[in-house]
Structure formats: C-alpha cells, structure tokens
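J.: pasting the sequence and the predicted model now:
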Amino acid sequence: MTQYQENEDKLIAAICHLSGLIFMFGAITPLVIWVTQKDRSETIRFHALQTIAVQTAVILLYMLGMGCYMLSIFAFIPFSAMMVETSSTPEASPLIFIPIAIIILIFGIMCLAGPAYLIMIVVAVVRTLQGHDFRYPLIGSWIYNNYIAPPTAVPE
C-alpha cells in the first residue's frame, strides 16, 4: 500500500468519526463509507463499523434517556395533583420527590455525557489522522475482535 493510499484511508476513517458531530444523522456517513469502501482496507472497515456501532448506541441511549425524562415529567403531574388534594396527609409528601429525583438524575447524566461524547469524537479524529489506532471504550475492542481480526484456527 502506498503512502498516499494510507493517508487517504486515515482521512476517510477520520471523516467517519467526525460525522458523529451531526447528531441523530451521523451514522449515515460511516454506513455509506462502510458499504462502499469496506473492501479497500482494514482501517476503513474497522473505523466505519466502530463508528456506526457507537453512534447507534448513542442515539438509542439518548432516546431512552429522553423517554425516561418525559415519563418522569408526566408522572410529576399526577403526584403534584395528589399533593394538592391530600395536603393534610404526611405519607403522600415523599412521593413527589421520586419524579423530581429522576428528572434531576437524567438531566445531570445527559449534561455530563454530551460534552464527554464530543471530546471523545475530537480525540478519535485527531488520533486517526495521526495514524494511531483509536478504539471507543467497550465497543471498539469488541468490534475489532469479532468483525475485523481474522479468526484463529482451532486445532482439532
């Protein structure tokens, strides 16, 4: 493989990671790259497949978090109405803190996870352009071991 082709492969792999900045639609670019360029090199195949997996997981986790967030907000309405109706009973008061705690917890996690995801994308792009291997936590090694690395022959 020539130096030019290696540099082009690194650039394509970096574009896969960079597409993560387009939230909710960022998985389309690495999917197109994987379909059209997967036979070109192992680098492109690995980074495209890894990025598809990470961005799909991020989208699913975001939807799960927003679903829980919305459920907790809608659960807050009946609890607050119950508190107004039964304000004389002391056992109803702790129930109001359950949806509030869920709202605060999910909002806090999302506020921390968003910047961490952006930093991870920038690190992935820079390391890929420099020619270093970058693997996302949890998913990167799994993708490489199961889909990229050649299977080892098991002696009989």
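T.: Now that the structure is in, tell me what you want to look at. The structure displayed is predicted, hence computed values, not measured ones. Numbering: from 1, shown residues only.
J.: gap between the residue positioned nearest the centre of the chain and M70?
T.: The C-alpha lying nearest the average C-alpha coordinate of the chain belongs to V58 (Cα atoms, centre = their mean; 2.5 Å). Per Cβ to Cβ, to the nearest Å, V58 is found 18 Å from M70. Just so you know, the C-beta spots here come from the backbone N, C-alpha and C atoms, and that holds for glycine as well.
J.: repeat that for I109.
T.: I109 is 15 Å from M70, by Cβ to Cβ.
J.: about what we covered before: and the residue nearest to the residue nearest to the centre of the chain when sequence neighbours are not counted, which helix or strand is it part of?
T.: Leaving aside its chain neighbours, V58 sits nearest to Y117 (6.3 Å; criterion: Cβ to Cβ, 6 or more residues apart in numbering). Per DSSP states H and E: Y117 is located in helix 97-129.
J.: in which helix or strand does the residue nearest to the centre of the chain reside?
T.: Assigned by DSSP H and E, V58 falls in helix 42-85.
J.: state the mean pLDDT of that helix.
T.: Helix 42-85 shows a mean pLDDT of 82.
J.: angle of that helix against helix 97-129?
T.: Going by axes from the mean of the first three to the mean of the last three Cα atoms, to 10 degrees, helix 42-85 is angled at 170 degrees with respect to helix 97-129.
J.: which neighbouring elements make contact with helix 42-85?
T.: helix 3-18, helix 28-37, helix 97-129, helix 139-143 (3 or more Cβ pairs under 8 Å, 6 or more residues apart in numbering; DSSP states H and E).
J.: which one of those lies nearest to A53?
T.: Proximity to A53 (Cβ to Cβ) singles out helix 139-143 among these, at 5.0 Å.
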